[in-house]
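Undergrad: Provide a 3D model corresponding to the input given below.
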Amino acid sequence: MEALYPEPPHLTVAVWVAGDEELAFPRACDVAREFGCVPSGVVEVAPRGRRFGMVQDLEDRSIVRLGGAEFESVVRGGDPVSRALKAGYRGKGLGTVIVEHLFGTEVETHPVAVSLSAGALGLPEGLWTLKDRKAAYKLAGWASDVLRDLTSRTGAVYGSIAIEETLPTPSALRASHSISSLPFLSTKLPAVVLDKFHTAFSRTQPVAWPHGIFFPGWTPFAKDTPAAVDRTALTAASMSLGNTLTAPW
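TA: Numbering: from 1, shown residues only. Alright, predicted model coming up:
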């Protein structure tokens with residue numbers, strides 16, 4: 001159903017919360033609304049108590065269209081039988097926007113994301129027209145603001161903005177799956193982990209938020225022109241983050 005499938009390529013603003021993802025999901029819905037998105041009434045649901053890695057693993061999931069009050073109840077966890085997996089919204093100039101659970105494991109908290117079409121951000125910068133450039137910078141600003149509010153609202157440990165990439169869970173990070181070049185790290189993380197990200201983004205000006213640090217490793221998201229991210233150092237930093245979160249800290 002179109003209401004739950006933005007046009008590709010997809011821009012994903014995602015967070016990982018060390019707690020109940022069912023609490024993070026409605027907060028992500030609140031953020032979507034506060035940033036100009038209107039509920040479509042379409043929700044993908046599944047029976048409570050089902051463990052899953054990917055949403056597609058749940059054969060008994062279904063898509064329903066609900067009225068305003070019922071939609072809000074379901075996305076906020078008010079249905080005793082079903083839980084929301086995806087919730088549909090629409091935004092002016094944004095098209096279809098969804099709040100969703102990303103790929104995870106049956107034993108880890110799933111990342112929660114606000115996802116939409118990447119538009120001009122999904123094109124190589126060399127192909128941008130003047131109109132594309134303006135649209136790309138506008139969407140980059142919107143996504144950065146959403147990440148700042150979403151990480152604050154949910155108390156996220158880490159997060160990212162990415163195009164056609166998922167946010168790795170801690171176990172995936174530990175297994176060398178690198179986070180994107182637009183990561184957020186909570187200041188509650190150990191200094192040794194934060195230092196490794198500063199090393200990976202040594203030629204990028206980090207953005208300090210009250211609750212964490214955003215590393216804008218790509219031009220539309222940065223005030224200056226950041227140099228290329230040290231991918232080897234970013235993988236090492238991601239592994240350090242994963243190792244930290246899969247052990248007591």
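Undergrad: Low-confidence ranges, this protein, go.
TA: Applying pLDDT under 70 to the chain flags residues 1, 248-249.
Undergrad: hmm, try it at 50
TA: Judged against pLDDT under 50, the chain has no low-scoring part.
Undergrad: can you give me the strands in this structure?
TA: 10-16, 37-47, 62-65, 82-91, 95-101, 112-117, 158-163, 183-186, 207-209, 212-214 (DSSP state E).
Undergrad: nearest to Ala222, of these?
TA: Nearest of the strands of the chain to Ala222, taken as Cβ to Cβ: strand 207-209 at 8.4 Å. Where you see a C-beta, it was placed from the backbone N, CA and C, and this is true even at glycine.
Undergrad: Neighbouring strands - and their directions - for the closest one?
TA: strand 212-214 (antiparallel) (DSSP bridges).
Undergrad: right, so the strands of the chain: which one is the most enclosed?
TA: strand 10-16 (a mean of 27; mean count of other Cβ atoms under 10 Å).
Undergrad: Run through who's touching that strand.
TA: Strand 10-16 is contacted by residues 24, 28, 102, 109, 111-119, 121-122, 139, 143, 146-147, 150-151, 154, 156-167, 169-170, 184 when judged by Cβ atoms under 8 Å, 6 or more residues apart in numbering.
Undergrad: closest one to Phe201 among the strands of the chain?
TA: Here strand 183-186 is closest among the strands of the chain (Cβ to Cβ), at 8.5 Å.
Undergrad: Check which helices and strands the closest one sits against.
TA: helix 130-154, strand 158-163, helix 191-200, strand 212-214 (3 or more Cβ pairs under 8 Å, 6 or more residues apart in numbering; DSSP states H and E).
Undergrad: redo that, cut-off 6 Å
TA: Judged by 3 or more Cβ pairs under 6 Å, 6 or more residues apart in numbering; DSSP states H and E, the packing partners of strand 183-186 are strand 158-163, strand 212-214.
Undergrad: how about those, which one is nearest Val81?
TA: strand 158-163 (30.4 Å).
Undergrad: Just the CA atoms of that closest one, as CSV, please.
TA: Provided in CSV are the C-alpha atoms of strand 158-163 (Å, rounded to 0.1, in the frame of the first residue of the first chain):
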residue,chain,number,x,y,z
TYR,A,158,22.9,6.3,19.1
GLY,A,159,21.2,7.0,15.8
SER,A,160,21.9,8.1,12.3
ILE,A,161,20.6,9.6,9.1
ALA,A,162,21.2,7.3,6.1
ILE,A,163,20.1,6.7,2.5
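Undergrad: Strand partners (parallel or antiparallel) of that strand?
TA: Sheet pairing for strand 158-163, using DSSP bridges, gives strand 10-16 (antiparallel), strand 183-186 (antiparallel).
Undergrad: looking at the ones you listed, which is closest to Leu130?
TA: Proximity to Leu130 (Cβ to Cβ) singles out strand 10-16 among those, at 20.7 Å.
Undergrad: C-alpha coordinates for that closest one, CSV please?
TA: This file holds the C-alpha atoms of strand 10-16, laid out as CSV (Å, rounded to 0.1, in the frame of the first residue of the first chain):
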residue,chain,number,x,y,z
HIS,A,10,14.7,6.0,1.1
LEU,A,11,16.1,8.5,3.6
THR,A,12,16.0,7.0,7.1
VAL,A,13,16.3,8.9,10.4
ALA,A,14,16.8,6.2,13.0
VAL,A,15,17.6,5.7,16.7
TRP,A,16,18.5,2.8,18.9
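Undergrad: roughly how far is it from the heart of the chain?
TA: 2 Å (Cα atoms, centre = their mean, to the nearest Å).
Undergrad: swap in stretch 50-67?
TA: 19 Å.
Undergrad: Only C-alpha atoms, please: export that stretch in PDB.
TA: Extracted as PDB, the C-alpha positions of stretch 50-67 are listed here (Å, rounded to 0.1, in the frame of the first residue of the first chain):
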ATOM      1  CA  ARG A  50       5.600 -12.100  18.300                       C
ATOM      2  CA  ARG A  51       9.400 -12.000  18.100                       C
ATOM      3  CA  PHE A  52      11.000 -11.000  14.800                       C
ATOM      4  CA  GLY A  53      14.100 -10.000  13.100                       C
ATOM      5  CA  MET A  54      12.600  -8.300  10.000                       C
ATOM      6  CA  VAL A  55       8.900  -7.200   9.900                       C
ATOM      7  CA  GLN A  56       8.600  -9.500   6.900                       C
ATOM      8  CA  ASP A  57       9.200 -12.500   9.200                       C
ATOM      9  CA  LEU A  58       5.700 -12.000  10.700                       C
ATOM     10  CA  GLU A  59       3.400 -13.900   8.400                       C
ATOM     11  CA  ASP A  60       0.300 -12.800  10.400                       C
ATOM     12  CA  ARG A  61       1.000  -9.100  10.100                       C
ATOM     13  CA  SER A  62      -1.700  -7.000   8.300                       C
ATOM     14  CA  ILE A  63      -2.300  -3.500   7.100                       C
ATOM     15  CA  VAL A  64      -5.400  -1.600   8.300                       C
ATOM     16  CA  ARG A  65      -6.900   1.800   7.800                       C
ATOM     17  CA  LEU A  66      -8.100   3.400  11.000                       C
ATOM     18  CA  GLY A  67      -9.900   6.600  12.000                       C
END
